[in-house]
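A.B. asks: Got a predicted model here, sequence first, then my questions.
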Amino acid sequence: MSGTSAVGTFTAWDYLVFALTLLISGLIGIYYAVKGKGQETSMDFLMGNRQMSVLPVALSLTASFMSAVTVLGSPFEVYRFGAIFSLFALSQLFTMFITSEIFLPVFYRLGIASTYEYLELRFNRWVRLCGTILFMIQTILYTGIVIYAPALALNQGLYFTFHISIHFLYSTSLFQGGLKAVVWTDVFQIGIMVAGFIAVIIRAMMLEGGIGNVWDAAYYGGRLNFWNFDPNPMRRHTFWTIVIGGTFIWTGIYGVNQAQVQRYISCKSRFQAKVSLYVNLIGLWVIMTCAVLSGLSMYSIYRDCDPWTAGKVKAPDQLMPYLVLDIFEGYPGMPGLFVACAYSGTLSTVSSSINALATVTVEDIIKPIFKPLSEKQLSWISKGMTLLYGLLCIAMAGLASLMESLLQVKYLLDLSLFKCNKNNR
């Protein structure tokens, strides 16, 4: 594979594989949405009645923040800057220990559904409300971009139309049946993500003659840079920026973020909640390993002719879709599996965000202001909030599509940064 020849396009089989993946995700949501048992109260709908099991919660925790950025962006980071990216595994290990020993006991003992309720217990009602509102604004904006970014990348890289991409995400995201639906959909989607990664890795290594050749290419290309102790904080990736900085970032996600906390405190016991965090760590490591191997394989294939600098793709996040179409030409259905892999990451993040938004709205705003409300009323309000936030997040993605010029500026800045880093090296 030279990176200069034309690559294939989507076939009917690819569209079928992709559509089936989204259909199954949607059916899981519909099943729990229409299922009467276990959805009678808001606590049932939003928290699974705190009776969730370890394995599905652990896999859901892994999937929640493994968005399409992981599928499309992480391999490029390894391709461009080397396997030092894998040091995030250490920061994730430290994060799970800190979260399980410091944050989890507090939230689980309090028995709260919204993490912002702690702010009222610690400070006052207004601090809690400010935290909730800021979370809602940030999450809606973030989720809109999470929906839009992969749709744009796959639109340009795999000849999808942007509107078809958004339509699929719109249809699947709105079929929510509460936390149980979100968790079990995440379980299915994390399986698709791993399957997509493994397919790319196996095919790429077959083309390169085995993992030994891929490893040699990475070694001689300076990509096996696992240990860089440069204290300069301006360097993109060093041991200190990844391990220390990454620990702070991941602790913010797992320690206090509503979407993550809501999952592990939904377990049957505090012990099971702790176990779910460590099982989730294994899942994070599996995804990280897949992303690193994908990036090294991509470097082995394109080390002599970079499709990005050659103008074959317009942005870094299109390099993985380009690779997939390149190496799987003549293999109907495999590009469709990869697209399903990327979209599964997006859907897991979107569903988690929508469920978290509904929870904080009900717990922090609806209950304190409009009381007393019956559990049945709160259950219906929770479902209504899920639908409302699904629409708002899709609308935000549509708004992002109107700011194409700003995204083009971002791509130009990325390209300039790439050239500067290249010259510095």
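C.D. replies: Great, that's in hand.
A.B. asks: Tell me, please, the helix or strand in this structure that averages the lowest pLDDT.
C.D. replies: helix 404-424 (a mean of 43; mean pLDDT, DSSP states H and E).
A.B. asks: so where's the stretch 101-250 of the chain uncertain?
C.D. replies: Within the stretch 101-250 of the chain, the segments meeting pLDDT under 70 span 149-178.
A.B. asks: Break down it into its strands, ranges please.
C.D. replies: Ranges of strands within the stretch 101-250 of the chain: none, based on DSSP state E, counting those that start in this stretch.
A.B. asks: can you give me the helices for it?
C.D. replies: 104-110, 117-122, 125-157, 162-174, 179-208, 211-220, 239-251 (DSSP state H, counting those that start in this stretch).
A.B. asks: Buried residues, the shortest one. List them.
C.D. replies: Within helix 117-122, the residues scored as buried using 16 or more other Cβ atoms under 10 Å are 117-120. To be clear about C-beta, it is placed using only N, CA and C from the backbone, and glycine gets the same treatment.
A.B. asks: In JSON lines: these, plus distance to Leu207.
C.D. replies: Below are those laid out as JSON lines (distance: Cβ to Cβ, whole Å):
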{"residue": "Glu117", "distance to Leu207": "53"}
{"residue": "Tyr118", "distance to Leu207": "52"}
{"residue": "Leu119", "distance to Leu207": "54"}
{"residue": "Glu120", "distance to Leu207": "58"}
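A.B. asks: ok now whatever helix or strand Leu337 lives in, how far from the chain's centre?
C.D. replies: Under the criterion of DSSP states H and E, Leu337 resides in helix 334-361. Centroid displacement of helix 334-361 relative to its chain, using Cα atoms, centre = their mean, to the nearest Å, is 7 Å.
A.B. asks: Following element in sequence after it, please.
C.D. replies: helix 367-369.
A.B. asks: Show which residues not belonging to that following helix make contact with it.
C.D. replies: 125, 373, 378 (Cβ atoms under 8 Å, 6 or more residues apart in numbering).
A.B. asks: Next: stretch 99-114.
C.D. replies: Contacts of stretch 99-114 (Cβ under 8 Å, 6+ apart): 43, 46-47, 115, 117-118, 121, 132, 251, 254-256, 258, 261-262, 264-265, 270, 273-274, 277-278, 359-360, 363-364.
A.B. asks: rerun at 7 Å
C.D. replies: 46-47, 115, 118, 251, 254-256, 258, 261, 264-265, 270, 273-274, 277, 359-360, 363-364 (Cβ atoms under 7 Å, 6 or more residues apart in numbering).
A.B. asks: again, but for stretch 219-234
C.D. replies: Taking Cβ under 7 Å, 6+ apart as the rule, stretch 219-234 contacts 82-84, 86, 218, 237-241, 296, 299, 303.
A.B. asks: would CSV of these with neighbour count and distance to Leu23 be doable?
C.D. replies: Below are the contacts of stretch 219-234 laid out as CSV (neighbours: other Cβ atoms under 10 Å; distance: Cβ to Cβ, whole Å):
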residue, neighbour count, distance to Leu23
Gly82, 23, 39
Ala83, 21, 37
Ile84, 22, 39
Ser86, 20, 34
Ala218, 24, 38
His237, 18, 39
Thr238, 21, 44
Phe239, 16, 44
Trp240, 17, 45
Thr241, 20, 41
Leu296, 29, 34
Tyr299, 23, 35
Arg303, 15, 39
